[in-house]
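>>> here is a sequence with its predicted model. Questions after.
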Amino acid sequence: MRNTIIIIVFALIGFLFYNSTFIVDERNQAIVTQFGKPVGDPVTEPGLHFKIPFIQVVQYFDRRFLEWDGDANQIINRDETLIFVDTFARWEITDPLQFFLRLRDERQAQSRLDDILDGETRNAVASNTLLDLVRSSNRESLVTDEILEELDVLEEISVGRDAIEAVVLERANERVADLGIRILDFRFKRINYSDEVQRNVFERMISERNRIADQFKSEGEGEARAIIGDKERDLAQIRSEARREAQEIRGRADAEATRIYAQAYNQNRQTRELYQFLRTMEAFENTMDEKTTVILSTDSDFYRFLMGVNRN
């Protein structure tokens, strides 16, 4: 019986100790409430802490960076163009006591951030052009000036995307200053035209690119015709010069052959007879075969050489 009482006493002591302590780790911060009202200062240091058991309750809050993801909304910008704008932000709880008094929990904080950030986003988009919303700087062009003149792009911006995001962040932080939170960063995640406007823009872009492509194609065809004309002219000139040079070479060769024939013919009688015989036999071989019937005059070289008659 005594051991049972001791066990019960120790159990009660353990139970009381368990309900009178709480642990805060590095990821959290906490406040202690009594009958729904906060008591004492916020607990921001990690470790073991004490409270009154059964009466006081611990409320934990995340001390890490938290995410806010806005809904994609259709907004009309300063150009009176309907666009889809999707945003996101990062925030943190800087004062858990004030956060508890004003917002109670993260769900209420997310709802309040929806109102604040969406409102500031609409104001920023409505006050700026689409060009300022999508570009951050007047960057240098990577294309030639001639193409820029044709495309009519890369106009100068006056504000820029980074500056607009900074304005939204600053104004939103002013509105959450008494909520115990701080917005760390705000960014445009996606900016796009509405479906109807997008189709019109794509059609205009396609038409513009086709016009430029047709211009380049026309210029290319003109250049191609000029190159082909130059090639045909050069080819005709080369052929003419080659034909003239061939005729000159052939004339010189014929003259040289005639000279050699004349020189050989005029050397002596026997050489002339041999030359005439060879030329006659060559002609005979080229003009006759075993089936050819020939009628020869007694004055012809064929007859003289075949019969062995000496004209002299």
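It's in. Numbering: from 1, shown residues only.
>>> just for this structure, where's the confidence low?
1, 9-10, 14-15, 17-18, 139-154, 264-274, 296, 298, 300-312 (pLDDT under 70).
>>> show me the strands in it, by range?
Ranges of strands in the chain, per DSSP state E, are 21-24, 28-34, 37-43, 47-50, 56-62, 66-69, 73-76, 82-93, 181-193.
>>> surely residue 32 and residue 58 touch.
Yes: look at residue 32 against residue 58 with C-beta atoms under 8 Å: they come within range, at 5.8 Å. C-betas here are computed from N, CA, C, even on glycine.
>>> quick check: neighbours shared by these two?
Common neighbours of residue 32 and residue 58 (criterion: C-beta atoms under 8 Å, 6 or more residues apart in numbering): residue 51.
>>> among the two, which residue is more densely surrounded?
residue 32 (20 against 16; other C-beta atoms under 10 Å).
>>> wait, what's in contact with the more buried one?
Counting by C-beta under 8 Å, 6+ apart, residue 32 has contacts 38, 39, 40, 43, 51, 56, 57, 58, 59.
>>> tell me, how many residues neighbour residue 99?
So residue 99, with other C-beta under 10 Å, has 23 neighbours.
>>> so what's it closest to, chain neighbours aside?
residue 180 (3.4 Å; C-beta to C-beta, 6 or more residues apart in numbering).
>>> ok, the one you found - how many residues close by?
The local packing of residue 180 (other C-beta under 10 Å) involves 20 other residues.
>>> same question for residue 173.
17.
>>> got it, and residue 68?
Neighbourhood size, residue 68 [other C-beta under 10 Å]: 18.
>>> to what extent is the nearest residue to residue 155 once chain neighbours are set aside buried, counted in neighbours?
Excluding its sequence neighbours, the residue lying closest to residue 155 (C-beta to C-beta, 6+ apart) is residue 131, at 6.2 Å. When counting by other C-beta under 10 Å, one arrives at 19 neighbours for residue 131.
>>> looks like residue 131 contacts residue 160 (just checking).
No: shown here, residue 131 and residue 160 do not form a contact pair, counting by C-beta under 8 Å, at 9.2 Å.
>>> now do the shared contacts for these two.
With the criterion set as C-beta under 8 Å, 6+ apart, the contacts of residue 131 and residue 160 do not overlap.
>>> residues contacting residue 198?
Residue 198 is in contact with residue 192, counting by C-beta under 8 Å, 6+ apart.
>>> ok so, going back, can I get the strands of the chain in a markdown table with distance to residue 209?
Below are those laid out as a markdown table (distance: least, C-beta to C-beta, whole Å):
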| stretch | distance to residue 209 |
| --- | --- |
| strand 21-24 | 61 |
| strand 28-34 | 56 |
| strand 37-43 | 60 |
| strand 47-50 | 65 |
| strand 56-62 | 50 |
| strand 66-69 | 35 |
| strand 73-76 | 27 |
| strand 82-93 | 22 |
| strand 181-193 | 17 |
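>>> so which of those strands comes closest to residue 214?
For the strands of the chain, proximity to residue 214 was assessed by C-beta to C-beta; strand 181-193 is nearest, at 25.9 Å.
>>> and the closest residue to residue 114 other than its chain neighbours, how close does it get to residue 218?
Excluding the flanking residues, the one nearest residue 114 by C-beta to C-beta, 6+ apart is residue 70, at 7.1 Å. Separation of residue 70 from residue 218 (C-beta to C-beta, to the nearest Å): 48 Å.
>>> which of those two has more residues huddled nearby?
Using other C-beta under 10 Å as the criterion, residue 70 and residue 218 rank with residue 70 on top: 18 against 10.
>>> any buried residues in stretch 188-206, and which?
188, 191, 193 (16 or more other C-beta atoms under 10 Å).
>>> apologies, that question was intended for stretch 104-122.
Within stretch 104-122, judged by 16+ other C-beta under 10 Å, the buried ones are 106, 109, 112, 113, 116, 117, 118, 120, 121.
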